[in-house]
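# sequence and predicted structure are below.
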Amino acid sequence: MIKPTPSRQQSLPPPRKPRIAVLKLASCDGCQLAFLGLGNRLLELAAMVEFVHFAEMGPLGSLTDLDITFIEGSLSTQEDLETVRSVRKESRYLVTIGACATSGGIQALRNLTSGDPLASVYPSPDFIDFLAHSTPVSSEVPVDLELWGCPVTGDQVLGALRTILLGAPPPVEHDKVCLECKRRGISCVTVTKGVPCLGPVTLTGCGALCPSFGRGCYGCFGPSENPETASLARTFSGLGLTPDEVARRFLFINSNAGPFREEGERWQEG
Ligand code: SF4
Ligand code: SF4
């Protein structure tokens, strides 16, 4: 039996830390800030994993041999498409963070317009290789976990990272923002103030942030399970919103998310 010599044993490399990338596509960087906002918890995390690529934090290492890749931003250019195809091959887990990466985000509003909306924003749009539509990452490659929100929260990204590293199934939200208001004892802004609120059709996860400040939810955590969008749209109409205003409530941050898009388009046409 061959035994390793003591000197050989001493030269064994330390166990490899999980290699993590946080990748930015077309986005505002707000979801990357959810990591930075973790403060001391990020320092503890950085001792346990290796952030090989994370533009907002500093490292810009190569996007290869990755254990978990978090992607912020929608697919808006040809380069974005090529990047996600390559990163998918190099990543054991691919997690989208935020409305942009998960449903196309605010930039997907251009999908609803005719003509060339980019021409009114950029003096020379021909210098940028824009795709015809801005789409979620899942439209191009399989995604293992989608985290909604605009932006996501630090608890969401930390919870996802921990559960993946531990091999446990990641927590999945099913409840609606409305239910979170009830749990927290927040008065319903629609019933008490007549404010249009997407809470009855939106996934929870934010702690009912907007209603807690007396404002209506605008759906940044995306559609809930079985969203009764038609019923809510009629309620908005009953509050005095015009059909176009009802449509705009649904066609906003998550205009590309199926139930919101379908309801919005119904009222656009009507
Ligand atoms: S989801 Fe919102 S916060 Fe996150 S990158 Fe997109 S626009 Fe910014
Ligand atoms: S209340 Fe709605 S819009 Fe506000 S943070 Fe929560 S999900 Fe987003």
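Received it, and whenever you're ready, just let me know what you need. Ligands and ions are numbered 1, 2, ... in the order given.
# other SSEs contacting the helix or strand encompassing residue 178?
Taking DSSP states H and E as the definition, one finds residue 178 inside helix 177-184. For helix 177-184, the elements it packs on are helix 209-212, judged by 3 or more Cβ pairs under 8 Å, 6 or more residues apart in numbering; DSSP states H and E. Just so you know, the C-beta spots here come from the backbone N, C-alpha and C atoms, and that holds for glycine as well.
# report the buried residues of the helix or strand following the helix it packs on.
Next helix or strand after helix 209-212 toward the C-terminus (DSSP H and E): helix 229-238. Residues of helix 229-238 classed as buried by neighbour count (16 or more other Cβ atoms under 10 Å): 229, 232-233, 235-237.
# what about the helix or strand following helix 229-238 and ligand 2, any contact?
With elements assigned by DSSP H and E, the helix or strand that comes after helix 229-238 is helix 243-250. No - interface with ligand 2: helix 243-250 contributes nothing (Cβ under 6 Å from any ligand atom), its closest point being 11.2 Å away.
# does ligand 2 sit close to the next helix or strand after helix 243-250?
Per DSSP H and E, the first helix or strand lying C-terminal to helix 243-250 is helix 258-269. No - contact of helix 258-269 with ligand 2 (Cβ under 6 Å from any ligand atom) is absent, the minimum separation being 12.1 Å.
# in the stretch 51-200 of the chain, what residue lies closest to ligand 2?
residue 177 (5.1 Å; Cβ to the nearest ligand atom).
# closest to residue 192 among the buried residues of helix 229-238?
residue 235 (14.2 Å; Cβ to Cβ).
# how close does that closest one sit to residue 72?
Here the distance between residue 235 and residue 72 works out to 33 Å (Cβ to Cβ, to the nearest Å).
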